[in-house]
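Novice: Quick one, structure for this:
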Amino acid sequence: MTSQPQKLYTQFLRLLLPLLALAYILAAAITTGLYYQDQRTEAENQRSQTLKTFAQVLIKPLWDCNSLTARGIIQAMSLQASVQGASAPDQCAQKLIQVGKLPNLDSEDTVSTPLHYVDENGRTHLLGDLSIAFQPISVFAAVSRGLVPQLAIFLSMLAAVLASALWTFNRTIGQPLQQLRHAMRNHRMLSPIPTGWTEEISEVTQTYNTQLQELRQQARHDSLTGLGNRLLLEEHLSRAIRRAARTGLQGHVLLLDLDRFKPINDTFGHAAGDAVLRTIAQRLLACVRDTDTVTRLGGDEFVIITTDMPETSQADEITTLIKRIQNTLRQPILWHGTPLQIDTSIGRAQFPQDGNNSTALLAHADASMYRDKAQKPDHHQYVD
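Specialist: Numbers count the residues shown, from 1 in each chain. The predicted structure follows:
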């Protein structure tokens, strides 16, 4: 039977409250001013570091007009316990990205910094200001943080209490936080969560695991079709190239460009085009093996990675796969009762023969695709 994790404050108070109560009351009045100043200094340093860190990771998405990533970064910033809200301008969308409380520039608890992007020519571009509204620093918080120094003042009569405090802190907070911090620094999930951890730290760790999983999914998948995007394509293709070099087996990259797609968008609207892309994605998944990778490169282009093909049979297998894809995609797609006809031009690249990196293979497949498109009698209709 799995034991339920105990609340952090329950463990802490049960072990320390009887002995710490008297010492805390006597020391609090003397040390309030000192620790309040220490708290302000530490908080200012943390605020400055937080502002600097998030400004660095926010500049590139704002310059690239990647509003989704920029909003995700600002949302992650607002999840910090000390942050009430944050905002930054999205010049591409001509609007302000704001999460949480709108920062008040006149408040001492709001910090701002300009966002400068330096391009490859060394020119500096001002993207606006990142502003963060932090939680106000209270005297009560300063006194709470001064607990250990207060105990040190009364070390002669509270030595046993201090030893107990250190042991309890290390067991209930220090060790779990150390493991969580290590996982966060390495951008990996912390699973399974140890059963001996407190309820609060377990909840924080579970939230971190969930958010990391969602961010990984969003960063590597196309939101429309659910297929992998260019980032996932490059990761899988790099692994496939290394595997082919190690095993001696062959692999192929198929680059697909949809024919007759633009007229569908122009005639029936983008909703119809989106529906076609989603259907094409599902049909492609049905054509390949579980070990193959299907990604959307962008627009109406898709890429398939096939691996582990013996050299003696690879030509027949890849030809069969291409024919299966072509026949499947030629099947009409119904849009509100209207059949929509789609064809595809397919280019191929074989690795390692045609290249030993993703850039070379995609370029080779792209050239092959355009040769395939040019061979069609009405190829001029497919050129956007």
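
Novice: CA only for contacts and neighbour counts going forward, please
Specialist: Fine.

Novice: Sticking with A275, tell me its helix or strand.
Specialist: Element membership for A275 (DSSP states H and E) is helix 270-287.

Novice: Same check on V253?
Specialist: Using DSSP H and E, V253 falls in strand 250-259.

Novice: what ranges do the helices span in the stretch 51-200 of the chain?
Specialist: Here the stretch 51-200 of the chain has its helices, by DSSP state H, counting those that start in this stretch, at 67-78, 139-145, 147-153, 155-169, 175-185, 199-220.

Novice: what packs against the first one?
Specialist: In terms of contacts (3 or more CA pairs under 8 Å, 6 or more residues apart in numbering; DSSP states H and E), helix 67-78 is packed against helix 8-63, strand 83-90, strand 95-100.

Novice: and if you look at the longest one?
Specialist: Packed against helix 199-220 by the contact rule (3+ CA pairs under 8 Å, 6+ apart) you find helix 175-185, helix 230-247.

Novice: mind checking which of those helices is nearest R71?
Specialist: With CA to CA as the criterion, R71 lies closest to helix 230-247 of those, at 19.3 Å.

Novice: okay, the closest one in PDB with CA atoms only?
Specialist: C-alpha atoms of helix 230-247 as PDB (Å, rounded to 0.1, in the frame of the first residue of the first chain):
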ATOM      1  CA  ARG A 230      11.000  20.700 -39.400                       C
ATOM      2  CA  LEU A 231      12.700  20.400 -36.000                       C
ATOM      3  CA  LEU A 232      11.600  16.800 -35.500                       C
ATOM      4  CA  LEU A 233      12.400  16.000 -39.100                       C
ATOM      5  CA  GLU A 234      16.000  17.200 -38.700                       C
ATOM      6  CA  GLU A 235      16.400  15.300 -35.400                       C
ATOM      7  CA  HIS A 236      15.000  12.000 -36.800                       C
ATOM      8  CA  LEU A 237      16.900  12.300 -40.100                       C
ATOM      9  CA  SER A 238      20.200  12.900 -38.200                       C
ATOM     10  CA  ARG A 239      19.600   9.800 -36.100                       C
ATOM     11  CA  ALA A 240      18.700   7.800 -39.300                       C
ATOM     12  CA  ILE A 241      21.900   8.900 -41.100                       C
ATOM     13  CA  ARG A 242      24.000   7.800 -38.100                       C
ATOM     14  CA  ARG A 243      22.200   4.500 -37.900                       C
ATOM     15  CA  ALA A 244      22.700   3.900 -41.600                       C
ATOM     16  CA  ALA A 245      26.400   4.600 -41.300                       C
ATOM     17  CA  ARG A 246      26.600   2.200 -38.300                       C
ATOM     18  CA  THR A 247      24.500  -0.700 -39.700                       C
END
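
Novice: which residues sit against the next helix-or-strand element following the helix holding A275?
Specialist: From helix 270-287 onward toward the C-terminus, using DSSP H and E, the following helix or strand is strand 293-298. By CA atoms under 8 Å, 6 or more residues apart in numbering, the list of residues contacting strand 293-298 from outside reads 222, 225, 227-230, 232-233, 236, 284-285, 302-306.
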